[in-house]
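# Provide a 3D model corresponding to the input given below.
(2 chains)
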Amino acid sequence: MIMGKEKIIPILALIVILISGTSTAYIYITQTEKDTIAINGEEYTIEQLFYIGKIITIQTTEGEKTGISLEDLILKIGISCPTCFEYTIKGNDGYEKTVSWDILNTGILTDLYRVYFPDTPKAFWVRDIIEIEVK
Amino acid sequence: MKNIKALAGILLFGSLWGFSEVIIGSAIQDIGLPSGIIMTGVFAIAFLVVSRIIYRQPGMQFGMGLVAGGLRLFNPFIGCHLCSAIAIMAEGAIFELIWYKISFDFSELKSNIMKSSMGIISAYFLYIGGYIVTQILTPIAAGANFYIENLIVFMPRILSSGLFAAIIGGAILPIVFLAKDIKITLKDRIYYPTTIGITILCWFIVVGNWFFT
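Prediction:
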């Protein structure tokens, strides 16, 4: 039994290194770089979004954050029934979080391409946003 | 009596682990280093393995995770208390699973290759396991829904993120195992006041920070 472990454990360690190394290469190759944010299929620059949306300040667990109201933004880009949809916020590293309107309408989008919500854990504060999918 | 000693050990090592996460982890993050990777690869592995070597009690490391995670909830430095507390608790449970088949005399881990391999496996699965559990439980605990597609899309990044934790774990475990040769015997009248005293000190500093910052 011990002989078995002496073979299996180093092989497993090697597999771990291979999987993590391959994943690192994969995300490096597939990394998306762009300056615009797609919302409901339409591309916007951050300047356009700040022109469209109302700038507000919210209180988070990391202090005050200022940006454009996601509630105002979604309404102004023509989503007529915002409560009918869910919203997937996607970062350029593949990280994404899907939220309901109840959460989305409390949030802001900053000029550093990051969303903040006042009442959610930090896991929802997606960085380097490239898309907000309405579905 | 042995169970009470182990319980005191859970409180001691769990509190030291939680204290390290809060105080040292935050300091590491402040200077721009990847605190999660270092905390798992160095501190979590060290505390979990040393306690395993000293007490040789199954289930103890799970208890340590609960204590450390509980202490992490009082962290005053970083906004997301819940995520990291959940991750630490998960790490304790994952460690128990990984080490379940390893005997308590550690006869399998005589060579440095075996120790390094266990370090790689332990640190990697602790790190990515904690990450995955956090991604699932944090939205649920926060009252939002969990969406499996959010996790699947992000899996390559999670699998990749454990690489450096694995490398650090592989380097650290042979060093941690040097503790196996250190023999410390404390009489009960010294053991209990020492363990309880250090535990209280850890909690006092962390909770004190929470009140005063």
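
# Could you report the neighbour count for residue 72?
No chain specified, so I'll use chain A. Using other C-beta atoms under 10 Å in any protein chain shown, the number of residues around residue A:72 comes to 16. Quick note: C-beta positions are derived from backbone N, CA and C, even for glycine.

# oops, I was thinking of chain B
By the measure other C-beta under 10 Å, the count of residues near residue B:72 is 25.

# what helix or strand is the residue lying closest to residue B:34 once chain neighbours are set aside on?
Once flanking residues are discounted, residue B:34 sits nearest to residue B:164: 7.0 Å by C-beta to C-beta, 6 or more residues apart in numbering or on different chains. Using DSSP states H and E, residue B:164 sits within helix B:163-176.

# what's the answer for residue B:138, then?
Applying DSSP H and E, one finds residue B:138 within helix B:112-141.

# Give me every residue in chain A lying close to chain B.
Those residues of chain A that sit near chain B, judged by C-beta under 8 Å from any C-beta of the partner chain, are A:2, A:5-6, A:9-10, A:12-13, A:16-17, A:19-21, A:23-24, A:26-27, A:30, A:60-62, A:88, A:93-100, A:103, A:120-124.

# where in chain A is pLDDT low?
Chain A contains residues with pLDDT under 70 at A:1-3.

# Please read the previous query as pertaining to chain B.
B:1-2, B:74-81, B:183-184, B:186, B:210-213.

# Please enumerate the strands of it.
Per DSSP state E, chain B has no strands. Nothing in it meets that criterion.

# Summarise which helices and strands the helix holding residue B:138 is packed against.
When contacts are defined as 3 or more C-beta pairs under 8 Å, 6 or more residues apart in numbering or on different chains; DSSP states H and E, helix B:112-141 packs onto helix A:2-30, helix B:45-55, helix B:81-98, helix B:148-161, helix B:163-176.

# could you dump the ones you listed to TSV with distance to residue B:13 and mean neighbour count?
Below are the helices and strands packed on helix B:112-141 laid out as TSV (distance: least, C-beta to C-beta, whole Å; neighbours: other C-beta atoms under 10 Å in any protein chain shown):
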stretch	distance to residue B:13	mean neighbour count
helix A:2-30	24	15
helix B:45-55	4	22
helix B:81-98	10	23
helix B:148-161	26	17
helix B:163-176	13	22
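
# right, and those helices - which one's nearest residue B:130?
Closest approach to residue B:130 among the helices and strands packed on helix B:112-141 is made by helix B:81-98 (3.5 Å; C-beta to C-beta).

# and the angle for the closest one with helix B:45-55?
Angle, helix B:81-98 to helix B:45-55, by axes from the mean of the first three to the mean of the last three C-alpha atoms, to 10 degrees: 50 degrees.

# Any idea how many residues pack against the closest residue to residue B:145 other than its chain neighbours?
Using C-beta to C-beta, 6+ apart and skipping the chain neighbours, the partner closest in space to residue B:145 is residue B:139 (6.4 Å). Neighbours of residue B:139 under the rule other C-beta under 10 Å: 23.

# got it, and residue B:114?
With other C-beta under 10 Å as criterion, residue B:114 counts 21.

# so it makes contact with residue A:10?
Yes. Counting by C-beta atoms under 8 Å, residue B:114 touches residue A:10, with 7.1 Å between them.

# need the contact list for residue B:165.
B:36, B:37, B:40, B:41, B:123, B:124, B:126, B:127 (C-beta atoms under 8 Å, 6 or more residues apart in numbering or on different chains).

# Please apply the same query to residue A:76.
A:52, A:53.
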